[in-house]
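Trainee: please work out how this folds:
(one chain, ligands or ions: 1)
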Amino acid sequence: MPAPAPTPTAFHSVSPADLTTAEWMPLLGGAVAPRPIAFVSTVDAEGRVNLSPYSFFNVFSYTPPMLVFSPVNRGRDGSEKHTLLNVRAVPEAVVNICDYAMVQQLSLASAEYPAGVNEFAKAGFTELTSEQVRPPRVAEAPAAFECVVEQVVPLSQGPGAGHLVVCRVVRAHFRQDILLPNAAGIDPFRLDAVARLGGDWYARASGASLFEVARPNRRLGMGFEALPAHIRTSTVLTGNDLGQLANVETEALPTPAQVEEIKTDPMVAYLLNKYPAGGPELLPQLERLAQQFLAEGRVAEAWLVLLLAA
Ligand SMILES: Cc1cc2nc3c(=O)[nH]c(=O)nc-3n(C[C@H](O)[C@H](O)[C@H](O)COP(=O)(O)O)c2cc1C
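Mentor: Next up is the predicted model:
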């Protein structure tokens, strides 16, 4: 909220040495969330297949395509995960992407089965032979990345210590139905992705939880401090509202003649008629109307209404 002046907020502030590993885990995993999930298949030196989920994971480069995930030593005894041991022995992995339809089976695959147990069989997934690497991929996954492991970077030692497994993608597979037309990428509604939060919580990226935010890119929005004072200090407009308004370039603002024209909009005309004296009675009404336009992505109309209120 930009205005009025922010009320003081209480924070629980800690340094690494203040907490044990067990105390850090729910705070880090809960706050750095939601996280995408790599469903990683590997093989050991004997060719035995392993499949485990890792949410310390992301994409870090386009050229070449690079993915990184992090197996963390078991908190109980500091022992290393099978996936980590496998990529040291055979530096290859398939990072499979998980959708909502797979999440219960994926969770089952995270159980600590003994070394050499194939979680494809345990969790009911289908192996597909990879084209470039030895670990098989998950047939049920909407996307899968065959990778060569370029580096394993230990971040520390002992219980809770992570290891960056740096993967270079050598072949990628995208299920046809998740692709947008004209090579425009992935349809987020069709991907139906899931992500991990703290504790046992997951998030499903679908339906009403998906929304778009217009990117500034090369366009230089005017910024908050350039907003007219009556907009910046509004008690109706939120930080998200002002963020949209300040994303407009100063040169793109409407002319006074255009502002006059908005008076013919039925809702604006109704408000002007209802509050002929204008001023403090009319202003919040116009701000609410602008807010409604912003919620519908009609930023230009929101600006017209707000400039009318000036
Ligand atoms: C959704 C999900 C995400 C997980 N993310 C991680 C992670 O990022 N790092 C990690 O060490 N363990 C993570 N785990 C736990 C491992 O999957 C679990 O320890 C598994 O037994 C490791 O298998 P492995 O020893 O066969 O590699 C996660 C579990 C789930 C269900």
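
Trainee: skip the chain neighbours and tell me the closest residue to Ala144.
Mentor: Arg137 (4.2 Å; C-beta to C-beta, 6 or more residues apart in numbering). C-betas here are computed from N, CA, C, even on glycine.

Trainee: partners of that neighbour in the sheet?
Mentor: Under DSSP bridges, the beta-bridge partners of Arg137 are Leu128.

Trainee: show the pLDDT at it.
Mentor: Arg137 is assigned a pLDDT of 98 by the prediction.

Trainee: I'd say it and Cys147 touch.
Mentor: No. The pair Arg137 / Cys147 is not scored as a contact, 10.6 Å apart, by C-beta atoms under 8 Å.

Trainee: what touches both of the two?
Mentor: With contacts defined as C-beta atoms under 8 Å, 6 or more residues apart in numbering, the residues adjacent to both Arg137 and Cys147 are Val94.

Trainee: please identify which of the two sits among more neighbours.
Mentor: Cys147 (31 against 26; other C-beta atoms under 10 Å).

Trainee: around the ligand, which positions in the stretch 1-150 of the chain sit nearby?
Mentor: Applying C-beta under 6 Å from any ligand atom, we find that the stretch 1-150 of the chain lies next to the ligand at 37, 50, 52-56, 70-72, 81-83, 107, 110, 112.

Trainee: farthest-apart pair in the residues you listed, please.
Mentor: By the measure C-beta to C-beta, Ser70 and Ser107 form the most distant pair in those, at 18.7 Å.

Trainee: on that earlier part again, quick one: contacts for the residue nearest to Ala144?
Mentor: 41, 94, 96, 127-128, 130, 144, 146, 173.

Trainee: kindly report the same for Val305.
Mentor: 262, 268, 286, 289-290, 293.

Trainee: secondary structure element for the nearest residue to Tyr275 once chain neighbours are set aside?
Mentor: In this structure, Tyr275 finds its nearest non-sequential neighbour in Leu282, 4.0 Å apart by C-beta to C-beta, 6+ apart. If you go by DSSP states H and E, Leu282 is part of helix 279-295.

Trainee: same check on Glu46?
Mentor: Here Glu46 is assigned to no helix or strand, by DSSP H and E.

Trainee: in stretch 295-304, what counts as buried?
Mentor: 299, 301-304 (16 or more other C-beta atoms under 10 Å).

Trainee: quick one: which of those sit in helices?
Mentor: 299, 301-304 (DSSP state H).

Trainee: helix/strand/coil for Ala277?
Mentor: When classified by DSSP: H, G, I helix; E, B strand; the rest coil, Ala277 comes out as coil.

Trainee: may I have the phi/psi pair for it?
Mentor: Backbone torsions for Ala277, taken as degrees, to the nearest 10, come to phi -80, psi -10.

Trainee: check Ile186 too.
Mentor: Taking degrees, to the nearest 10 as the convention, Ile186 sits at phi -110, psi 140.

Trainee: against the ligand, how distant is the closest residue to it other than its chain neighbours?
Mentor: Nearest non-adjacent residue to Ile186, counting by C-beta to C-beta, 6+ apart: Ile178, 5.4 Å away. Between Ile178 and the ligand the computed distance is 20 Å (C-beta to the nearest ligand atom, to the nearest Å).

Trainee: contacts only, for Ile178.
Mentor: So Ile178 contacts 142-143, 186-187, 190-191 (C-beta under 8 Å, 6+ apart).

Trainee: wait, Leu253 touches Trp303, no?
Mentor: Yes. Taking C-beta under 8 Å as the definition, Leu253 is a contact partner of Trp303 at 6.3 Å.

Trainee: between those two, what contacts are shared?
Mentor: By C-beta under 8 Å, 6+ apart, no residue touches both Leu253 and Trp303.
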